[in-house]
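Asks: here is a sequence with its predicted model. Questions after.
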Amino acid sequence: MQDMLHDPATADAIGRFRTELPTSESIESVRLIEAQAAKLYWQAWSGVPICWPRKDERRVPEHWKRFGSRISPLTHSPRLASNPPNALLNFLYALLESESRLSASAMGLDPGIGVLHVDTPNRDSLACDLMEVCRPKVDTFVLHWLQSEPLRKSDFWEDRNGNCQLVSVLAIKLAQTSHTWSKLVAPIAEYVAQALWTSISRPQSTVARQRIATRLTQRNKREVKGSDVPPVKVPKPERVCRGCGKAVQGDSTHCAECDVDIATKRLVEAAKVGRIAGHTPEAIAKEAATHRKLAQARVAWNPAKQPIWLTEQVFSEKIQPALAQASATAIAKRIGVSRWYAGRIREGYRPHPRHWQALAQLVGVSGQVNN
């Protein structure tokens, strides 16, 4: 919260609620503290902006451009999300709940008998208890997605009632993250199973055999071998072009087509800035000083000091072709001109004769050409 949402006040308030948990005397008080902290938590999410590709920006409704409330206006609960980010959370929570249910069953636990969640029909309360520990990982995944990558309008659709749902292509991609959530919830299920197992009173002769099998993480076997359960890496969202929404590779933020359009617009803007900067009094004075310096250099140059062998023909036949292989930077440094002017020389422009000798030295042409 403090790092990703930049809301230290809310983080401190939730931290104070956390300190009250050890002194809670009943499950009801724990639920009350959790509800109060959750209210502050989701309020901190409400202002998170939702980024869309430029082509989708005008096509999405306004309530899709902010995270908004976690409570849907359709059900007055998180169910039936009314915008894409809440639809993402609901879908991923469903995956996590399913993996929690499987983990509980694998450890011999009844998913329907909860601890913190009240047992209700058509809900596996223990699975909801297990997934609570891993929900911050899902939240981090979604929040990182919203803050780093744009969503695409083509990945969501809205029915007549206003319920926002995921298209099948995105749902399939997100379903592939189930393996990650199963790895995260596995040690939690094993911990709960072990805690319930050790809480059962039994004869003293069986105390030594109170550890149950860790079928999900193989922690017992790893401890014998001296290794730890490997950490779980949370998946990263797919990178998409911020212009058109196409998938892009690497660290690029735009596809090749959008990059060309952006570069063209930037070039036009840079040209405008350059023209304005080039007509300021300071720029005009600097340009005039440069022209005076060049004119003085031309006047001060003595053609008689030019080597006899360095003729116009030698420059055209020997030096000029060799300059095409030299870099503009090397030419500019050698004769003290701009890189633009040096580029023209590489392309075949003939500079003032006072530069010929320096250019001949640059490309390794000497008086032996006449021998």
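Replies: Structure received.

Asks: ok, now which ones touch the spatially most central residue of the chain?
Replies: By C-alpha atoms, centre = their mean, the chain has its centre lying nearest to S148, at 3.9 Å. Neighbouring residues of S148 by C-beta atoms under 8 Å, 6 or more residues apart in numbering: P237. For the C-beta atoms, the positions are set from N, CA and C on the backbone; glycine is no exception.

Asks: now swap in the one 3 residues further on and tell me
Replies: Shown in contact with L151 (C-beta under 8 Å, 6+ apart): 50-52, 84-85, 145.

Asks: ranges for the strands of the stretch 101-250 of the chain?
Replies: 156-158, 164-166 (DSSP state E, counting those that start in this stretch).

Asks: show the average pLDDT along the last one.
Replies: For strand 164-166, the per-residue pLDDT values average out at 96.

Asks: partners of it in the sheet?
Replies: Next to strand 164-166 in the sheet, as set by DSSP bridges, lie strand 156-158 (antiparallel).

Asks: I'd say L130 and A186 touch.
Replies: No. Counting by C-beta atoms under 8 Å, L130 stays clear of A186, with 9.7 Å between them.

Asks: which neighbours do those two share?
Replies: S103.

Asks: so the two - more neighbours on which side?
Replies: Higher neighbour count among L130 and A186: L130, with 29 against 26, using other C-beta atoms under 10 Å.

Asks: care to break this structure down by domain?
Replies: Per automatic domain parsing, the structural domains of the chain span 1-45, 49-247, 280-370.

Asks: need the contacts of L151 in TSV with pLDDT and secondary structure, can you?
Replies: TSV is the format used below for those (pLDDT from 0 to 100; DSSP: H, G, I helix; E, B strand; the rest coil):
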residue	pLDDT	secondary structure
I50	95	coil
C51	94	coil
W52	95	coil
P84	96	helix
P85	96	helix
W145	94	helix
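
Asks: how about the residues you listed, which pair is most distant?
Replies: W52 and W145 (12.9 Å; C-beta to C-beta).

Asks: burial measure for the residue nearest to Q147 when sequence neighbours are not counted, as a count.
Replies: Residue nearest to Q147 in three dimensions, not counting chain neighbours: M4, with 6.9 Å by C-beta to C-beta, 6 or more residues apart in numbering. Neighbours of M4 under the rule other C-beta under 10 Å: 14.

Asks: so M4 touches F141, yeah?
Replies: No. With contacts counted by C-beta under 8 Å, M4 stays clear of F141, the gap being 11.2 Å.

Asks: and for stretch 352-369, what's in contact with it?
Replies: Taking C-beta under 8 Å, 6+ apart as the rule, stretch 352-369 contacts 297-298, 301, 303, 306-310, 314-315, 318-319, 322-323, 325-326, 330-331, 334-335, 337, 345, 351.

Asks: starting at the chain centroid, how far to that stretch?
Replies: Here stretch 352-369 is found 53 Å from its chain centre; the criterion is C-alpha atoms, centre = their mean, to the nearest Å.
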